[in-house]
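> Need coordinates for the below:
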Amino acid sequence: MTSPVMDVDQVLKTLASQSIKQGSNVRAAVRSLTLKALQQRELTLDQIGKVLRSVTEGVTLGVAKREIKVEKALSDTVAGMDDALLKAVEASNVALHG
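Numbers count the residues shown, from 1 in each chain. Okay, the predicted model is just below:
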């Protein structure tokens with residue numbers, strides 16, 4: 001009997017949702033989750049899109065379960081994803097240019 005394949009995008013979505021429900025710093029939590037997910041994948045547009053989509057869906061689910069300001073949570077989400085993308089691109093650039 002084979003074990004079920006873990007859907008990493010679903011796991012990422014769940015982690016993002018849980019971090020919002022727990023009331024953590026949204027920007028920092030999103031930055032950390034996004035950066036870790038990007039580091040584990042190729043930096044292709046498709047993979048970046050999957051990571052951002054999963055994190056956004058998770059945050060949306062987390063916000064729906066808490067009474068917090070949606071605008072602030074989404075603003076912090078975008079800022080956290082932006083931070084993570086910048087770090088991933090910088091790391092990739094350093095790796096390419098030595």
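> which one is residue 25 nearest to, not counting chain neighbours?
If the residues on either side of it in the chain are set aside, residue 25 comes closest to residue 76, at 7.8 Å by C-beta to C-beta, 6 or more residues apart in numbering. The C-beta positions use only the backbone N, C-alpha and C, and glycine is treated the same way.
> Number of residues surrounding the one you found?
20 (other C-beta atoms under 10 Å).
> Contacts only, for it.
With contacts defined as C-beta atoms under 8 Å, 6 or more residues apart in numbering, residue 76 is in contact with 25-27, 30.
> Same list as before, these that is, but in CSV and with secondary structure, distance to residue 94 and pLDDT included.
Shown next, in CSV, are the contacts of residue 76 (DSSP: H, G, I helix; E, B strand; the rest coil; distance: C-beta to C-beta, whole Å; pLDDT from 0 to 100):
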residue, secondary structure, distance to residue 94, pLDDT
25, coil, 27, 88
26, helix, 28, 89
27, helix, 24, 93
30, helix, 23, 93
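> Same list (the residues you listed) but as TSV, adding distance to residue 62 and neighbour count.
Listed next are these as TSV, based on distance: C-beta to C-beta, whole Å; neighbours: other C-beta atoms under 10 Å:
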residue	distance to residue 62	neighbour count
25	13	12
26	9	23
27	14	19
30	10	29
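> can you redo those as JSON lines with distance to residue 87?
Shown next, in JSON lines, are the contacts of residue 76 (distance: C-beta to C-beta, whole Å):
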{"residue": "25", "distance to residue 87": "17"}
{"residue": "26", "distance to residue 87": "17"}
{"residue": "27", "distance to residue 87": "13"}
{"residue": "30", "distance to residue 87": "13"}
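> what about the residue most central in space within the chain, which helix or strand?
Geometric centre of the chain, nearest residue: residue 34, 3.2 Å, by C-alpha atoms, centre = their mean. In the assignment (DSSP states H and E), residue 34 maps to helix 26-39.
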